[in-house]
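Enquirer: need a structure here:
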Amino acid sequence: MRLVERFIDLDPLVMSRSRVDRSTDKEAKRKQKEMIRRARWANDPVYRERELERGRKWRREHPESHAKSQRKWRAKNIEYYRAAQQVRSREYRKKKPELLRRLCTNYRKRLRVLVINHYGGICVCCGEVEMGFLTIHHINNDGAEHRREVGRAAVYQWLKNNGFPEGYEVRCYNCNCGMEYNGGVCPHENSRTTN
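Expert: Numbering: from 1, shown residues only. A predicted model of the protein is given here:
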């Protein structure tokens, strides 16, 4: 009987209905398999560990495919991904505050060295090279205003993010403070002119 049915011209509407029925059957079977898999995952630790190991093995063997699928998933679920990242970040900060503090301190030190070295790494007035004595000087004497805008601790980050703009130079703390107390002229320059 099946051989005969192949050669009979069937109504396209009937054919399309049968295809839809078959596709919904496949979808129902897929959902049922997924429910069974989730139930086993929740109740069977051996099955869970075996599946986790299978996933780890696949990710090791197919790093490009894994990265591609991760990017695709992230793009599709960006709100969920960002929310999950924030939760993980908060939990990590609570678990390891001392480590995070050390990492932030090291980053700020490296950032400071990077910025000071970019602007010359030596005091333009007295020639001081000891990193502990050097700071960034605003040539236009608008440092207080700039710190109010970006925040006191964020000046070095701002300089890096903005491509190390003009209008800044390296001075040692003595020269920088001396200029403030001496009307914009470094005491070194006064002593050089009197000698």
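Enquirer: host element of the spatially most central residue of the chain?
Expert: By C-alpha atoms, centre = their mean, the mean C-alpha position of the chain lies nearest to Gln85, the distance being 10.1 Å. Element membership for Gln85 (DSSP states H and E) is helix 78-95.
Enquirer: measure the residue nearest to the centre of the chain to Gly178 for me?
Expert: As judged by C-beta to C-beta, to the nearest Å, Gln85 and Gly178 stand 47 Å apart. Just so you know, the C-beta spots here come from the backbone N, C-alpha and C atoms, and that holds for glycine as well.
Enquirer: quick one on the thing from earlier: show residues contacting the helix holding Gln85.
Expert: Contact partners of helix 78-95, identified using C-beta atoms under 8 Å, 6 or more residues apart in numbering, comprise 74, 100.
Enquirer: Next, the angle helix 78-95 makes with whichever helix or strand comes after it.
Expert: Going down the chain from helix 78-95, the next helix or strand is helix 97-118, by DSSP H and E. Relative orientation of helix 97-118 versus helix 78-95 (axes from the mean of the first three to the mean of the last three C-alpha atoms, to 10 degrees): 100 degrees.
Enquirer: what packs against helix 97-118?
Expert: Applying 3 or more C-beta pairs under 8 Å, 6 or more residues apart in numbering; DSSP states H and E, one finds that helix 97-118 makes contact with strand 134-138, helix 155-161.
Enquirer: how does it look with 10 Å?
Expert: With contacts taken as 3 or more C-beta pairs under 10 Å, 6 or more residues apart in numbering; DSSP states H and E, helix 97-118 sits against helix 78-95, strand 134-138, helix 155-161, strand 168-172.
Enquirer: Tell me which of these sits most buried.
Expert: Highest mean neighbour count among these (mean count of other C-beta atoms under 10 Å): strand 168-172, with a mean of 21.
Enquirer: how far does that strand sit from the chain's center?
Expert: 31 Å (C-alpha atoms, centre = their mean, to the nearest Å).
Enquirer: ok, back up a step: please tell me how far the helix holding Gln85 is from the chain's geometric centre.
Expert: On C-alpha atoms, centre = their mean, the centre of helix 78-95 falls 12 Å from that of its chain.
Enquirer: And Gly127, its phi and psi?
Expert: Main-chain dihedrals, Gly127, degrees, to the nearest 10: phi 80, psi 10.
Enquirer: isn't it right up against Cys172?
Expert: Yes - counting by C-beta atoms under 10 Å, Gly127 touches Cys172, with 8.9 Å between them.
Enquirer: Any chance you could list residues touching both of the two?
Expert: With contacts taken as C-beta atoms under 10 Å, 6 or more residues apart in numbering, the residues that reach both Gly127 and Cys172 are His188.
Enquirer: The protein - how does it break down into domains?
Expert: Here the domain parsing of the chain from automatic domain parsing is 1-50, 98-194.
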